[in-house]
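J.: Sequence and predicted model, in that order:
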Amino acid sequence: MLLTRWITTGILGILMLAAASHAAPTFCPKHFTGGQAPDLINQKLADRTQDICYSGFALKHSGINRTSLYSAEHLTRDHLAQAKGLKRNSRFHPDPNLPASERAELRHYARSGYDRGHIAPSADMPDKNSQQECFSLANMVPQEPSNNRGVWEGIESTVRILARERGDLYVISGPIYGGDTILRIGGAVMVPTQLYKAVYDPVRREAGAYLVDNAAGAQPVMISIAELEKITGISLFPAVSARIKARAM
């Protein structure tokens, strides 16, 4: 097992919320509610980050974690109709937009005991190009295998069902790194302790989120966006009112 433990005061600082806000520039607006990318409440999260815009999703990558801080999608009924039945194109690859010193490589995951778990799922992608982009390792986190193939896949499927029923959803997914001990696989890629998937319905003006531990047998909890933002240190939907964020759909 290529597992190492990484404990520093630096990472603890990254995980703590700061009072100041780091406003994110709006990039790739089609994937974000109101065209506004998430804001980093905790400025320490901004260290060595890079925005990447793909055709089916957008992400903010952390060169410290070697994973994304979040991946964002705009799911519509038509979008998912195009994705339905598309053959999975499973070619994982390092992201060419990132420097080698900050990105995940295939060797980091080899024999680690963890899956390469999608943040933005491949089943959401409407064409072969976006699906191949989705297999970038920048869109992956080390995930406990039964968690990835069980509860997390169930959350992904549930959100797709909701998007088909409602017709229009904005979705932001990402990892959370908590606790005093953070694992790294291959000596490089951080293993999240939890994962989240946040949803906003712009028609009904409702929002909510799933939060689940990255562990075997974990069960998801449903929380408000306001609660999730306190945990992540990220304002996930800056264009959405505090009133909507405070109540879980």
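T.: That came through fine. Numbering: from 1, shown residues only.
J.: going forward, measure contacts and count neighbours with C-alpha atoms only.
T.: Will do.
J.: can you tell me the helix or strand for Arg111?
T.: Of the helices and strands defined by DSSP states H and E, none includes Arg111.
J.: For burial, what's the neighbour tally of it?
T.: 13 (other CA atoms under 10 Å).
J.: what's the answer for Ile244, then?
T.: Count around Ile244 with other CA under 10 Å applied: 17.
J.: Any figure for the gap between it and Pro202?
T.: For Ile244, the distance to Pro202 equals 11 Å [CA to CA, to the nearest Å].
J.: ditto for Pro121
T.: 21 Å.
J.: These two: which has the busier surroundings?
T.: It is Pro121, of Pro121 and Pro202, that has more neighbours when counted by other CA under 10 Å, with 20 against 15.
J.: Next up, phi/psi of the more buried one, please.
T.: phi -80, psi 150 (degrees, to the nearest 10).
J.: Isn't it up against Glu156?
T.: Yes. Using CA atoms under 8 Å, Pro121 makes contact with Glu156 at a distance of 7.2 Å.
J.: any idea how far Thr232 is from Asp39?
T.: From Thr232 to Asp39 the distance is 11 Å (CA to CA).
J.: Over to Gly174?
T.: 14 Å.
J.: cool, Gln219 as well?
T.: Gln219 is 28 Å from Asp39, where distance means CA to CA.
J.: Please say which of these two ends up with more neighbours.
T.: Asp39 (20 against 15).
J.: any idea whether Ala123 is helix, strand or coil?
T.: helix (DSSP: H, G, I helix; E, B strand; the rest coil).
J.: Count the neighbours of it for me.
T.: 19.
J.: which helices and strands sit right next to the longest helix along the chain?
T.: With secondary structure taken from DSSP state H, the chain has its longest helix at helix 151-166. For helix 151-166, the packing partners by 3 or more CA pairs under 8 Å, 6 or more residues apart in numbering; DSSP states H and E come out as strand 67-76, helix 77-83.
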